[in-house]
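Trainee: Predicted structure and sequence below. I'll ask about it afterward.
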Amino acid sequence: DMKDAQWLASLHRCGLIKGSMIPPEHIRDLRDLTRYRRKLVQAATAEKNRIHKVLQDANMKLTTSISDIFGVSGRAILVKVMNGEVLDEAELRSVLKTKLKRKVAEILDALNGKLRLHHRQMLTEHWEHLCFLEQRIETLEARIEQQLAPYAEEVERIDSIPGIDRQAAASIMAEMGPNVADMFATDAQFASWAGVCPGNNESAGKKKSSKTMKGNKHLKGTLCQAAMANYRSNNRIGIHYRHIRKRRGERKASVATAHLILRILFAMMRDKVSYNENDVPVGGGTSQEKTLCHYLKQLQAMGYDVELKAKDQAS
């Protein structure tokens with residue numbers, strides 16, 4: 001409101017308000033490319049879903065026999081279906097690759113649907129748009145790689161974190177820039193800017209909703225995807241995710257794990273080192289220490305003085 005605006009203006013005149021994090025121009029250009037690539041990937045996924053819908057409407061259950069109908073074999077079958085060709089066993093076997101040749105009978109049964117002219121026309125429309133989008137994505141990725149060339153070392157460093165691939169590393173690099181340690185004093189400020197830290201909503205001594213604050217949604221989304229990719233990993237990130245998930249659920253666990261990844265990322269960029277798992281206990285070490293500390297506190301609260309000895313020392 002008006003009073004808040006006046007107060008902010010007074011603070012700004014006194015130099016008490018820091019400027020926002022604005023990356024240099026070439027990083028902003030890279031950010032536009034990576035964000036546009038993400039939109040194109042989403043559009044391509046939408047076209048694939050529409051193709052699935054048309055096949056289901058035509059009672060062609062290809063997904064029961066082929067896990068990915070947009071692989072080499074699946075695409076060859078779709079092209080022949082769109083052209084109106086009638087596939088027999090010999091011709092179908094000629095287009096199938098690897099282990100799918102064992103499922104010729106199942107795939108022929110799945111193709112025995114009610115494909116009308118309207119279905120073929122809709123498949124052709126979606127297929128042509130999908131091919132166009134995939135071509136644009138390839139062109140865009142080439143431009144992204146060209147602009148990432150001066151930051152090859154930083155991208156490799158980000159890529160070393162478990163759950164982050166090359167495309168995710170490029171997106172993270174475009175959002176935060178190469179000098180994130182110079183932009184933010186601490187990892188807590190970086191987490192607040194990204195929108196992955198818990199909110200602080202307390203009034204009159206009562207804590208209200210502590211959902212995360214608004215931040216960089218593109219960086220937050222990429223980090224949450226990296227967190228979900230570690231849900232089975234036996235590393236520090238995976239252990240942290242499963243520890244939060246069993247108490248708070250998958251959505252809160254993904255944001256909490258994204259917070260952990262961001263703190264690791266900040267330390268790596270500040271110290272100019274790659275991800276290293278050797279100094280982190282993997283497996284049950286961390287949980288055993290917490291369990292031991294929990295029971296020790298209970299025994300001390302009951303008035304007992306406990307002396308711990310390892311099993312090999314006791315024998």
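Mentor: On my side now, so go ahead.

Trainee: Where do the strands of the chain begin and end?
Mentor: Using DSSP state E, the strands found in the chain span residues 202-203, 206-207.

Trainee: now those in CSV, with mean pLDDT, distance to residue 244 and mean neighbour count?
Mentor: Where C-beta positions appear, they are placed from N, C-alpha and C, glycine not excepted. Formatted as CSV, these follow (pLDDT from 0 to 100; distance: least, CB to CB, whole Å; neighbours: other CB atoms under 10 Å):
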stretch, mean pLDDT, distance to residue 244, mean neighbour count
strand 202-203, 76, 22, 8
strand 206-207, 79, 19, 8
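
Trainee: so which of the ones you listed comes closest to residue 107?
Mentor: strand 206-207 (57.3 Å; CB to CB).

Trainee: CSV for the strands of the chain, including distance to residue 28?
Mentor: Converted to CSV, the strands of the chain look like this (distance: least, CB to CB, whole Å):
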stretch, distance to residue 28
strand 202-203, 36
strand 206-207, 38
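
Trainee: Ok, which of the ones you listed comes nearest residue 97?
Mentor: Closest to residue 97 of the strands of the chain is strand 206-207 (CB to CB; 57.4 Å).

Trainee: Check the offset of that closest one from the chain's centre.
Mentor: Here the centre of strand 206-207 is set off from its chain's centre by 32 Å, with CA atoms, centre = their mean, to the nearest Å.

Trainee: ok, and what's touching that strand?
Mentor: In this structure, residues lying in contact with strand 206-207 by CB atoms under 8 Å, 6 or more residues apart in numbering are residue 201.

Trainee: among the strands of the chain, which is nearest residue 25?
Mentor: strand 202-203 (40.4 Å).

Trainee: Spatially central residue for this structure, please.
Mentor: In the chain, the centroid-proximal residue (CA atoms, centre = their mean) is residue 225; its distance is 1.7 Å.

Trainee: ok, now which ones touch that residue?
Mentor: By CB under 8 Å, 6+ apart, the neighbours of residue 225 are 163, 168.

Trainee: at 7 Å what do you get?
Mentor: By CB atoms under 7 Å, 6 or more residues apart in numbering, the contact set of residue 225 is residue 168.

Trainee: Please report how far it lies from residue 254.
Mentor: Residue 225 sits 8 Å away from residue 254, going by CB to CB, to the nearest Å.

Trainee: burial count for the closest residue to residue 84 other than its chain neighbours?
Mentor: Of all residues not flanking residue 84 in the chain, residue 120 sits nearest, at 6.1 Å (CB to CB, 6 or more residues apart in numbering). By other CB atoms under 10 Å, the residues close to residue 120 number 16.

Trainee: Then residue 91?
Mentor: Neighbours of residue 91 (other CB under 10 Å): 11.

Trainee: can you check residue 157 too?
Mentor: Neighbourhood size, residue 157 [other CB under 10 Å]: 20.
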